[in-house]
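> Sequence isn't available, so here's the structure alone:
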């Protein structure tokens, strides 16, 4: 009797969270699948056809992918460099980490607005450039006529906003690697770069995997920052879902966009799980 | 091959002096153990020799080359770590080959050296495996093979056996001694285990409070400790120190009267547990047996002399039981006389 109760207890304790997820994640997901696959109550690929046929579909798909391919690697490189530098600090490591993670506390829309204030025609950037004599007057960077400047503005904002989450994961990961490995490599003649490449990076693989999955999935869902900085001058997938839902009042096509993002996120997760798998025999 | 000169090396951690002007010369091909309790500075000294720790003052000269400010990677050393530090993401083969690869050795040399080192440590059959699949003893062997594969002039070992169970430690100890004798590598070996230091080393540097308190052969450290600390730390059981009064140059131990190195006053007679002959109560130092532990090869008796507790080794078949009182006759020439105040050894004659 007591034993039966004990073995049930973990499941009872898990139940609320499972119910919560089922109600607020699984049900909406199934509903979205249903919405995207039906028109006027009948099974139909019409929503997907409309999505693919839309003028903004290809640009938004391309923009999202290019953004992910530029932002995520940049964030990983920056976070690796920052985490490695933190490791070398003897004093004040926590304070530096704390400052670096401040952007984590800023909502993405607010982050977008901060960068808008910097980058708009009469923003801080142009004021500085004018003061330096680089430009003569207010220069627009965020219009559809300046796609490269607009793209890199979004990249800068995204890197500023979300590198810290990668950093936090990698800092935790680095702390799990015993110092002796790097010391042993050093004793046997390895240079700092060799130690990083042959010892630190492979041992950091599980943390890199976590950080990449999390960051990539979130990067595919990029929306608020883009919307604040460029509006529809830089269409992205989730932005299109938003436009179809609100402006066009077409939930079906919005659901199709949402499903596309889900599929891409799942695919990238599966990709990382396989590509960065640590075989059990190589685990420390 | 190379000798190691440690010259007046000092290390301060803030206001704490971890190493106080350590000077130590390890001869070419010699095996020296740094022995001491935890916190005595032995690991810090080893890490300074390796360059993994900075020093406050002093020099490290290896093979005539001043390496004090040379980065670790250019010192040409090999080291075995307490937790082995065998790379988990590399096969045993790649682990052993690591140092050679860092030296830029060609494939033929890598193969030959890895094979040799693996055979020396009896791990040829493990070369394709990953460390996670190995036992502690096997990982230890990989760590030693990795160090020996580069044929280092100097090998540093930081408590390499402390994570192994007792039986494995015994086996590994004998293997290590045979292997290192054959290789002829100059070795500094850090340990807190006096049995290990005694068994392995050519000479033992006993460390205490950031200083080397005695540097001598194992038998000299054991038989002629220079202080009560060394006598108490080296040897199991620790050396007995019996407080005796001296009058007219003669120390009075019960019925016995022995020549002492001082004319009068109070001294400590340092006597190893096995350096007593058991005699009748009134023919020696009266010894009140409190406990008898039969340990197979001998029996360990703990008891009281006057108001001090001492330990005495008796033959395994001893008939003396707890509660009896017997006499002890120390082997006179093995007594180490110590100053009762400072605890340092006194000359053998006054």
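Perfect, I can see it now. Remember, it's a predicted structure, so these values are computed and weren't measured experimentally.
> Report the contact partners of the residue lying closest to residue A:250 once chain neighbours are set aside.
The shortest distance from residue A:250 to any non-neighbouring residue, by Cβ to Cβ, 6 or more residues apart in numbering or on different chains, is to residue A:244 (5.0 Å). All C-beta spots, glycine's among them, are computed from the backbone N, C-alpha and C. Neighbour list for residue A:244: A:51, A:250-251, A:253-254, A:257 [criterion: Cβ atoms under 8 Å, 6 or more residues apart in numbering or on different chains].
> Which members of the residues you listed occur in strands, if any?
Using DSSP state E, no member of the contacts of residue A:244 falls in strands.
> For residue 100, give me its contacts.
You didn't say which chain, so I picked chain A. Going by Cβ under 8 Å, 6+ apart, residue A:100 touches A:82, A:164, A:167.
> Hmm, no, I was thinking of chain B.
B:109-110, B:113-114, B:149-150.
> quick one on the thing from earlier: tell me which of the contacts of residue A:100 fall in strands.
Among those, the subset assigned to strands under DSSP E is empty.
> tally of neighbours for whichever residue of the stretch 101-250 of chain B sits closest to chain A?
Residue of the stretch 101-250 of chain B nearest chain A, by Cβ to the nearest Cβ: residue B:102 (3.7 Å). A total of 20 residues lie near residue B:102 under the criterion other Cβ atoms under 10 Å in any protein chain shown.
> Flag the shaky bits of the chain, pLDDT-wise.
Because you didn't say which chain, this covers chain A. Within chain A, the stretches with pLDDT under 70 are A:1-5.
> nope, chain B please
Applying pLDDT under 70 to chain B flags the ranges B:1, B:348-350.
> Now with 50, please.
The model of chain B has pLDDT under 50 over residues B:349-350.
> Chain A contacts on that one?
B:50, B:52, B:72-79, B:81-83, B:85, B:87-89, B:98-99, B:102-103, B:129-130, B:132-133, B:146, B:150, B:156 (Cβ under 8 Å from any Cβ of the partner chain).
> Inside helices: which ones of those?
B:50, B:98-99, B:102, B:146 (DSSP state H).
> Residue A:189 reaches residue B:102, doesn't it?
Yes. Applying Cβ atoms under 8 Å, one finds residue A:189 in contact with residue B:102, separated by 3.7 Å.
> Bridged to the residue nearest to residue B:250 when sequence neighbours are not counted, which residues?
Among residues not flanking residue B:250 along the chain, residue B:257 sits closest, at 4.9 Å (Cβ to Cβ, 6+ apart). Beta-bridge partners recorded for residue B:257 (DSSP bridges): residue B:252.
> Give me the distance between residue B:257 and residue B:304.
Relative to residue B:304, residue B:257 is positioned 21 Å away (criterion: Cβ to Cβ, to the nearest Å).
> before we move on, what about residue B:70?
For residue B:70, the distance to residue B:304 - Cβ to Cβ - is 57 Å.
> before we move on, what about residue B:202?
From residue B:202 over to residue B:304 the distance is 39 Å, taken as Cβ to Cβ.
> just residue A:6 next, same as before
According to Cβ to Cβ, residue A:6 stands 54 Å off from residue B:304.
> So the two - more neighbours on which side?
Using other Cβ under 10 Å, the more surrounded residue of residue A:6 and residue B:304 is residue B:304, with 14 against 9.
> I figured that one hits residue B:288, correct?
Yes. Taking Cβ under 8 Å as the definition, residue B:304 is a contact partner of residue B:288 at 4.2 Å.
> Provide the secondary structure category for the closest residue to residue B:19 other than its chain neighbours.
Spatial nearest neighbour of residue B:19, chain neighbours left out: residue B:11 (4.0 Å); criterion: Cβ to Cβ, 6+ apart. Three-state assignment for residue B:11 (DSSP: H, G, I helix; E, B strand; the rest coil): strand.
> what residues are up against residue B:11?
Counting by Cβ under 8 Å, 6+ apart, residue B:11 makes contact with B:17-19, B:41, B:44-45, B:48, B:53, B:55-56, B:210.
> what's the answer for residue B:314, then?
Shown in contact with residue B:314 (Cβ under 8 Å, 6+ apart): B:278, B:292, B:298-301, B:320.
> Can you redo the residues you listed as TSV, where the extra columns are distance to residue A:107 and secondary structure?
Below are the contacts of residue B:314 laid out as TSV (distance: Cβ to Cβ, whole Å; DSSP: H, G, I helix; E, B strand; the rest coil):
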residue	distance to residue A:107	secondary structure
B:278	85	strand
B:292	77	strand
B:298	76	coil
B:299	77	strand
B:300	73	strand
B:301	77	strand
B:320	83	coil
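> of those residues, closest to chain A?
residue B:300 (38.3 Å).
> Hmm, residue B:315 and the closest one touching each other?
No. Using Cβ under 8 Å, residue B:300 is not in contact with residue B:315, being 11.4 Å away.
> Settle it for me: which of the two has more neighbours?
Counted by other Cβ under 10 Å, residue B:300 and residue B:315 do not tie: residue B:300 has more neighbours, with 17 against 10.
> and that one, how far is that from residue B:100?
From residue B:300 to residue B:100 the distance is 49 Å (Cβ to Cβ).
> Equivalent analysis for residue B:132, please.
23 Å.
> Equivalent analysis for residue A:107, please.
Relative to residue B:100, and taking Cβ to Cβ, residue A:107 is found at 54 Å.
> Repeat that for residue B:124.
From residue B:124 over to residue B:100 the distance is 17 Å, taken as Cβ to Cβ.
> that's a helix at residue B:206, yeah?
No. Counting by three-state DSSP, residue B:206 falls outside a helix, being strand.
> Next up, the contacts around it.
Neighbouring residues of residue B:206 by Cβ under 8 Å, 6+ apart: B:35-36, B:212-215, B:221, B:229-230, B:233-234.
> for stretch B:305-317, the distance to its chain's centre please.
Here the centre of stretch B:305-317 is set off from its chain's centre by 25 Å, with Cα atoms, centre = their mean, to the nearest Å.
> Quick check: the gap between residue A:224 and chain B.
Remark: distance between residue A:224 and chain B (Cβ to the nearest Cβ, to the nearest Å) = 39 Å.
> burial of that residue, as a residue count?
For residue A:224, the neighbour count with other Cβ under 10 Å is 19.
> domains in chain B, as residue ranges please.
Following automatic domain parsing, one gets these domains for chain B: B:4-232, B:237-339.
> Could you look over those domains and pick the most buried one?
For the domains of chain B, the largest average neighbour count (mean count of other Cβ atoms under 10 Å in any protein chain shown) is found in domain B:4-232, namely a mean of 19.
> quick check, distance from that domain to the centre of its chain.
Centroid displacement of domain B:4-232 relative to its chain, using Cα atoms, centre = their mean, is 12 Å.
> SS state for residue A:130?
Here residue A:130 is helix, with the state taken from three-state DSSP.
> Can you get me a residue count around it?
Around residue A:130 there are 15 other residues, counting by other Cβ under 10 Å.
> Chain B contacts on chain A?
Residues of chain A lying close to chain B (Cβ under 8 Å from any Cβ) are A:178, A:180-181, A:183-191, A:194, A:199, A:202-203, A:205, A:278-284.
> what comes up buried for the helix or strand containing the residue nearest to residue A:250?
Secondary structure assignment for residue A:244, by DSSP states H and E: helix A:237-246. Under the neighbour-count criterion of 16 or more other Cβ atoms under 10 Å in any protein chain shown, helix A:237-246 has A:237-245 buried.
> Name the nearest residue to the most centrally placed residue in chain B, ignoring sequence neighbours.
Centroid-nearest residue in chain B: residue B:197, 2.8 Å away (criterion: Cα atoms, centre = their mean). Among residues not flanking residue B:197 along the chain, residue B:33 sits closest, at 3.8 Å (Cβ to Cβ, 6+ apart).
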